[in-house]
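In: Predicted model and sequence follow; I will ask about them next.
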Amino acid sequence: EDQVTQSPEALRLQEGESSSLNCSYTVSGLRGLFWYRQDPGKGPEFLFTLYSAGEEKEKERLKATLTKKESFLHITAPKPEDSATYLCAVNSGYSTLTFGKGTMLLVSP
Amino acid sequence: NAGVTQTPKFQVLKTGQSMTLQCAQDMNHEYMSWYRQDPGMGLRLIHYSVGAGITDQGEVPNGYNVSRSTTEDFPLRLLSAAPSQTSVYFCASSFRTGDYGYTFGSGTRLTVV
């Protein structure tokens, strides 16, 4: 059974204070690890897909990395508009996703 | 190009009532799926489809029914609503490979009283 564990559950940062979110996973055969951003009252918004250990992807202040057991979402010099819940998910079958419970990020000005 | 459209956005049902949550996508995606999101539980897969006429169960399928008669539409039916089905429901779609991620709808917030 696929499992995804995200930590921390919640994170409060000051504007400009860089940090990382963790996603640990166990899966029989990884066919993609996904990061999503979710704002209150909205559906998840796709950020990145990673496929193999060592892969990295960047988008503005966000950089996602992947190892054989975990993924990190690094947030560099965050701004208040980066406040959201960040979701990690793995795909190991018919393009269905197994999600973690998310990390709620709050960036204060 | 509207993406994934879910209707209604909000719904209140009485226990025992039935209803259909609608999901439509205009991106010619082969794969579609339904998730429910509950506080502290994360997103959980209810049912999914890999193409028209093909559906399968996910992690929490009991009390729900689906069909996929066209590529564009994937409705979710609640057969006899129960308070445990109070949740936010999301529909998602993707190309076969999933390379470009899964596009989610904006959700339906359902309350069963």
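Out: On my side now, so go ahead. Residues are numbered from 1 along each chain as shown, chains lettered A, B, ... in the order given.
In: Quick check, pLDDT for residue A:96.
Out: At residue A:96, the model reports a pLDDT of 79.
In: And for residue A:29?
Out: For residue A:29, pLDDT reads 83.
In: which residues touch it?
Out: Residues near residue A:29 by Cβ atoms under 8 Å, 6 or more residues apart in numbering or on different chains: residue A:92. Where you see a C-beta, it was placed from the backbone N, CA and C, and this is true even at glycine.
In: hang on, it is in a helix, isn't it?
Out: No. Counting by DSSP: H, G, I helix; E, B strand; the rest coil, residue A:29 falls outside a helix, being coil.
In: what about it, distance to chain B?
Out: 14 Å (Cβ to the nearest Cβ, to the nearest Å).
In: With residue A:46 instead?
Out: Taking Cβ to the nearest Cβ, one finds residue A:46 at 3 Å from chain B.
In: partner residues bridging that residue?
Out: Legend: beta-bridge partners of residue A:46 under DSSP bridges are residue A:36.
In: just checking, it touches residue A:57?
Out: No. The criterion here is Cβ atoms under 8 Å, and residue A:46 misses it with residue A:57 at 11.6 Å.
In: Low-confidence regions, chain B specifically.
Out: Scanning chain B for pLDDT under 70 picks out the ranges B:1, B:97-100.
In: Can you list the strands that the strand ranked longest in it pairs with?
Out: Longest strand of chain B, by residue count under DSSP state E: strand B:42-51. Here strand B:42-51 has these sheet partners by DSSP bridges: strand B:31-38 (antiparallel), strand B:54-57 (antiparallel).
In: what's the most buried one of those strands?
Out: Among the strands paired with strand B:42-51, strand B:31-38 has the highest mean neighbour count (mean count of other Cβ atoms under 10 Å in any protein chain shown), at a mean of 24.
In: about what we covered before: got CSV for the strands paired with strand B:42-51, with distance to residue A:51 too?
Out: Putting the strands paired with strand B:42-51 into CSV (distance: least, Cβ to Cβ, whole Å) gives the following:
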stretch, distance to residue A:51
strand B:31-38, 17
strand B:54-57, 24
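In: element containing the closest residue to residue B:95 other than its chain neighbours, please.
Out: Leaving aside its sequence neighbours, residue B:95 sits nearest to residue B:29 (Cβ to Cβ, 6 or more residues apart in numbering or on different chains; 5.7 Å). Using DSSP states H and E, residue B:29 maps to neither a helix nor a strand.
In: now swap in residue A:68 and tell me
Out: Take DSSP H and E as the rule and residue A:68 turns out to sit in neither a helix nor a strand.
In: Send me stretch B:50-58 as PDB with only the CA atoms.
Out: In PDB, the C-alpha atoms belonging to stretch B:50-58 read as follows (Å, rounded to 0.1, in the frame of the first residue of the first chain):
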ATOM      1  CA  VAL B  50      -9.100   5.500 -17.500                       C
ATOM      2  CA  GLY B  51     -11.400   6.100 -20.500                       C
ATOM      3  CA  ALA B  52     -15.000   6.100 -21.700                       C
ATOM      4  CA  GLY B  53     -16.800   3.000 -20.500                       C
ATOM      5  CA  ILE B  54     -14.100   2.000 -18.000                       C
ATOM      6  CA  THR B  55     -14.300   2.800 -14.200                       C
ATOM      7  CA  ASP B  56     -12.800   1.300 -11.100                       C
ATOM      8  CA  GLN B  57     -13.000   1.800  -7.300                       C
ATOM      9  CA  GLY B  58     -10.600   3.700  -5.200                       C
END
